[in-house]
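Q: Here is my input, please return the structure:
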Amino acid sequence: MVKTDVIIIGAGPVGLFTVHQLGIKGLKSVVIDNLDKAGGQCIELYPDKPIYDIPAVPECTGEELTNKLLEQIKPFKTQFYLNDRVNEIKQDGDNWIIKTSNDSEFIAPNIVIAGGVGSFEPRKLPLKEVQKFENKSVFYSVKKKDDFKNKNISIFGGGDSALDWTLELSKFSNVTLIHRRSEFRGAPHTLSEIKKLESEGKLAIKTPCQLESIEGDKFVSSISIKFDDGKIEKIKTDIILSFFGLIMKLGPIADWGLNMNKKTIEVNTYNFETNKKGIFAIGDICTYPGKLKLILSGFHEAALASVECFKRARPNEKYRFEFTTSSKTIQGRLGKSD
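A: Have a look, this model is predicted:
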């Protein structure tokens, strides 16, 4: 069993900044996330899309923000447990014990839930044979654009993600956009650009139709689509990208006895503690009057929650607020001391 001061559930930007706020106070933490890498929604949904509302950062991508946050917490050598999900929690005196899907166990006086919208997974393509191609030829997100260069790509979907990636990947690959309806839900200006590229022969649009079959051995070699009029068309395909949206799941969190409000966790605004002592919720997963689902709001919540975490983890020590600009102790923890 791993013993620590704080267990952080969620490795998105707010969870990562929590590591920093705890670390400068001298607290140890571990981070658990069901995704395979840190970054949360920023990495999973929009790694290359610009974010414009981070203070003092006029523009950055989700990936850039994640990398900066990871760089910021390097001095604390925090242990990450990825591809893992918290399944059970139980109280043990003033501590909480957590058991994960990988059968790991942790004990700490504090749990900080920074799980964004909870566990989320993509809506899968409705064919049985899809499974054997997943993560080889079938993908539900784009992690690295370079992996999709010079390919024959079939993109399914009609929302912003499908349109954005059609536009982006068509710069260096042969892209076909496929949608079950003739109308698209995405941004009109993006659709206008895509239709212009189609008229120039730089990409193809197929509507209204649906995936009929996938051909290939270890990797996809082609697909067949069926139009509403019954016509079947075969398309040479190396990569299938499906953007049918995500299924948001709170998972086991809903069974932990926390006060819930429409799939979010109710907290106070003093230290963002839930109705359970020692369990905090911050970021998009928490709710309170006036809540704004902004990354910067989550950073504020992390700072205040970390103070109460200190008081619970160090009950015999008095918490003393210090500025990072002048505190030699904090600077030492950051590896900045002379």
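Q: Where do the helices of the stretch 1-150 of the chain begin and end?
A: 13-23, 41-44, 62-72 (DSSP state H, counting those that start in this stretch).
Q: Out of those, which is the most enclosed?
A: Mean neighbour count (mean count of other C-beta atoms under 10 Å) peaks for helix 13-23 among those, with a mean of 27. The C-beta positions use only the backbone N, C-alpha and C, and glycine is treated the same way.
Q: And the contacts of stretch 158-175?
A: 45, 48-49, 142, 145, 148-156, 177, 179-181, 183-187, 190-191, 193-194, 197, 202-204, 241, 243, 245 (C-beta atoms under 8 Å, 6 or more residues apart in numbering).
Q: So how do I select the buried members of these in PyMOL?
A: With 16 or more other C-beta atoms under 10 Å as the criterion, this PyMOL line picks the buried residues out of those:
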select buried, resi 45+142+148+151+152+153+154+155+156+177+179+184+186+190+191+194+197+203+204+241+243
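Q: Give me the spatial nearest neighbour of residue 262, chain neighbours excluded.
A: residue 287 (7.6 Å; C-beta to C-beta, 6 or more residues apart in numbering).
Q: now swap in residue 75 and tell me
A: Spatial nearest neighbour of residue 75, chain neighbours left out: residue 335 (4.6 Å); criterion: C-beta to C-beta, 6+ apart.
Q: helices and strands of the chain: which one bottoms out on pLDDT?
A: strand 119-122 (a mean of 67; mean pLDDT, DSSP states H and E).
Q: the domain parsing of the protein - what is it?
A: Following automatic domain parsing, one finds the domains of the chain at 2-120+247-333, 124-244.
Q: The residue nearest to residue 262 contacts residue 263, correct?
A: No - Residue 287 is beyond contact range of residue 263, at 9.3 Å (criterion: C-beta atoms under 8 Å).
Q: okay, those two: which has more neighbours?
A: Between residue 287 and residue 263, counted using other C-beta atoms under 10 Å, residue 287 has the larger neighbour count: 18 against 14.
Q: residues touching that one, list them.
A: Residue 287 touches 261-262, 264-267, counting by C-beta under 8 Å, 6+ apart.
Q: ranking those by neighbours, who comes first?
A: residue 265 (27 neighbours).
Q: That one - nearest residue in space that isn't next to it in sequence?
A: In space, residue 265 is closest to residue 281, 4.0 Å off (C-beta to C-beta, 6+ apart).
Q: Grab the nearest non-local neighbour of residue 245.
A: residue 123 (5.4 Å).
Q: count of residues packed around that neighbour?
A: Neighbour tally, residue 123, other C-beta under 10 Å: 13.
Q: Appreciated, that's everything.
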